[in-house]
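*Asks:* turn this into a model:
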Amino acid sequence: MTSSSKRSGFKLHRPFVGIPSFLRAPIQLDLDALDADIAVYGIPFDEGSPFLAGSRMGPRSIREHSLRFAADAGFYDPLTERIYLSHEMANKTIADVGDVDVWPTDVRSTFDNVTDLAKAVLAKGALPVALGGDHSVTYPIVKAYEDQEPLHVIHFDAHIDYSPFVHDLRFTNVHAFRHIAPMPHVLSLTQVGIRSLRSVESEIRDSINDGNRVMTMREFHEAGPQSVAEVTPRDARTYVSIDIDVLDLPLIPGCVSAEPNGMSYAELRDTLAAIAERCNVVGLDLVEVNPTLDVGTGITSYLAAHTVLEFLGNICRQPRWERRREARATARG
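*Replies:* This is a model prediction of the structure:
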């Protein structure tokens with residue numbers, strides 16, 4: 001036996017070793033015993049995708065690529081010279097609570113499971129972070145906040161996702177925000193990055209006429225990242241939904257609905273950072289990663305993990321988060 005094999009308790013934890021929880025966070029499947037500040041969960045559902053299946057494999061792939069970042073000391077950013085999530089990683093206050101149970105072809109039961117899991121996380125005072133899955137899943141997630149204080153919703157997407165309900169066709173990834181906008185606990189809906197030539201004019205007009213803020217890519221470039229954060233009052237409770245196709249098409253080969261003329265990563269990063277600074281983010285999801293379409297290095301899944309990691313890093317460095325963290329630590333005794 002070599003000396004290297006005798007290093008008691010020491011493990012390298014290379015990205016290709018171990019069970020792929022998000023950022024190698026502790027796996028906590030018993031939600032009754034959940035004691036974490038952030039709870040990450042997957043929604044491996046793509047029956048709402050009307051073109052190509054495969055985003056059901058997104059949560060697993062995003063987790064796998066997140067292992068490339070896993071570090072107990074947190075994450076150093078050479079650009080900002082900040083270390084993100086150092087407290088959360090060192091104290092293991094991020095938990096991976098597994099996946100929503102999907103009932104194939106029974107969309108309503110799956111959506112009920114999505115809502116129930118999100119409610120269970122909220123009941124424990126943790127920040128819900130969902131990995132999709134197609135974009136239909138945002139509807140049952142936001143529904144879980146119905147017993148909470150009202151919130152604002154900011155939606156990043158190339159598409160408006162505001163299709164009318166035709167007969168019983170109402171649960172695809174193009175219907176989610178038609179469900180969400182009229183919810184009594186949703187104070188406002190802002191849709192950012194809209195640009196697809198496959199958009200239907202009447203659906204965009206419907207969203208605007210229903211009182212929602214629709215910001216096309218042209219408007220975004222004119223107004224800048226800070227303008228997105230400023231659509232809500234300072235410190236307002238805000239839910240953020242990120243369709244990976246808000247990014248420009250060449251960046252995301254593993255996305256069935258990618259469109260040209262999207263955001264650069266820096267634009268999305270800076271916008272999410274502005275939201276984290278101004279808003280009280282009470283939940284988020286990232287959807288529409290389809291690893292079956294991705295290139296061999298999995299860059300779309302990697303970019304998704306990177307986006308969630310950096311957004312969480314900016315959320316957790318805010319004074320409001322630090323106060324919340326301290327309150328939870330006091331409650332734990």
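*Asks:* can you give me the distance of the residue lying closest to residue 103 once chain neighbours are set aside to residue 116?
*Replies:* Closest residue to residue 103 in three dimensions, ignoring its sequence neighbours and counting by CB to CB, 6 or more residues apart in numbering: residue 109, at 4.3 Å. C-beta here means a position set from N, CA and C on the backbone, and glycine is covered the same way. Residue 109 sits 10 Å away from residue 116, going by CB to CB, to the nearest Å.
*Asks:* ok, which stretches of this structure are helices?
*Replies:* Ranges of helices within the chain are 58-66, 86-91, 107-123, 138-143, 176-180, 201-209, 217-223, 225-229, 265-278, 299-316, 319-332, based on DSSP state H.
*Asks:* in CSV: these, plus mean neighbour count and mean pLDDT.
*Replies:* Listed next are those as CSV, based on neighbours: other CB atoms under 10 Å; pLDDT from 0 to 100:
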stretch, mean neighbour count, mean pLDDT
helix 58-66, 25, 98
helix 86-91, 17, 95
helix 107-123, 19, 97
helix 138-143, 25, 98
helix 176-180, 24, 97
helix 201-209, 15, 97
helix 217-223, 15, 97
helix 225-229, 19, 97
helix 265-278, 20, 98
helix 299-316, 23, 98
helix 319-332, 12, 87
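*Asks:* tell me which residue is most central in this protein.
*Replies:* In the chain, the C-alpha closest to the average C-alpha coordinate belongs to residue 285, at a distance of 2.2 Å (CA atoms, centre = their mean).
*Asks:* what sits against that one?
*Replies:* Taking CB atoms under 8 Å, 6 or more residues apart in numbering, we find residue 285 in contact with 43, 129-132, 137-138, 141, 240-242.
*Asks:* excluding chain neighbours, what is closest to it?
*Replies:* Closest residue to residue 285 apart from its sequence neighbours, by CB to CB, 6+ apart: residue 130 at 3.9 Å.
*Asks:* and the pLDDT for the one you found?
*Replies:* Residue 130 carries a pLDDT value of 98.
*Asks:* again with residue 73
*Replies:* For residue 73, pLDDT reads 89.
*Asks:* isn't it up against residue 83?
*Replies:* Yes. Look at residue 73 against residue 83 with CB atoms under 8 Å: they come within range, at 7.3 Å.
*Asks:* sorry, back to before: ok, so of the contacts of residue 285, who is nearest residue 161?
*Replies:* Comparing those against residue 161 with CB to CB places residue 138 closest, at 8.4 Å.
*Asks:* can you count the residues close to the residue nearest to residue 285?
*Replies:* Residue 130 has 27 neighbours, counted by other CB atoms under 10 Å.
*Asks:* which strand residues bridge it?
*Replies:* residue 41, residue 285 (DSSP bridges).
*Asks:* return the residues in contact with it.
*Replies:* Residues in contact with residue 130 (CB under 8 Å, 6+ apart) are 40-43, 118, 137, 141, 283-287.
*Asks:* want to try TSV for those residues, with distance to residue 30 as columns?
*Replies:* Converted to TSV, the contacts of residue 130 look like this (distance: CB to CB, whole Å):
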residue	distance to residue 30
40	15
41	13
42	17
43	19
118	16
137	23
141	21
283	21
284	23
285	23
286	25
287	26
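*Asks:* of those, just the buried ones, ChimeraX syntax please.
*Replies:* The buried subset of the contacts of residue 130, as determined by 16 or more other CB atoms under 10 Å, is captured in ChimeraX by this line:
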select :40,41,42,43,118,137,141,283,284,285,286,287
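*Asks:* surely residue 71 and residue 90 touch.
*Replies:* No. With contacts defined as CB under 8 Å, residue 71 does not count as touching residue 90, sitting 9.7 Å away.
*Asks:* can you tell me how far the closest residue to residue 84 other than its chain neighbours sits from residue 285?
*Replies:* Nearest non-adjacent residue to residue 84, counting by CB to CB, 6+ apart: residue 313, 2.9 Å away. To residue 285, residue 313 is 17 Å away according to CB to CB.
*Asks:* next, count neighbours for residue 264.
*Replies:* Neighbour number of residue 264 under other CB under 10 Å is 11.
*Asks:* one more: residue 169?
*Replies:* Residue 169, neighbours per other CB under 10 Å, totals 12.
*Asks:* tell me the contacts of it?
*Replies:* residue 175.
*Asks:* give me the beta-bridge partners of it?
*Replies:* Beta-bridge pairing of residue 169 under DSSP bridges involves residue 166.
*Asks:* any idea how far it lies from residue 133?
*Replies:* Counting by CB to CB - residue 169 and residue 133 are separated by 19 Å.
*Asks:* what's the answer for residue 314, then?
*Replies:* Between residue 314 and residue 133 the distance is 23 Å, computed by CB to CB.
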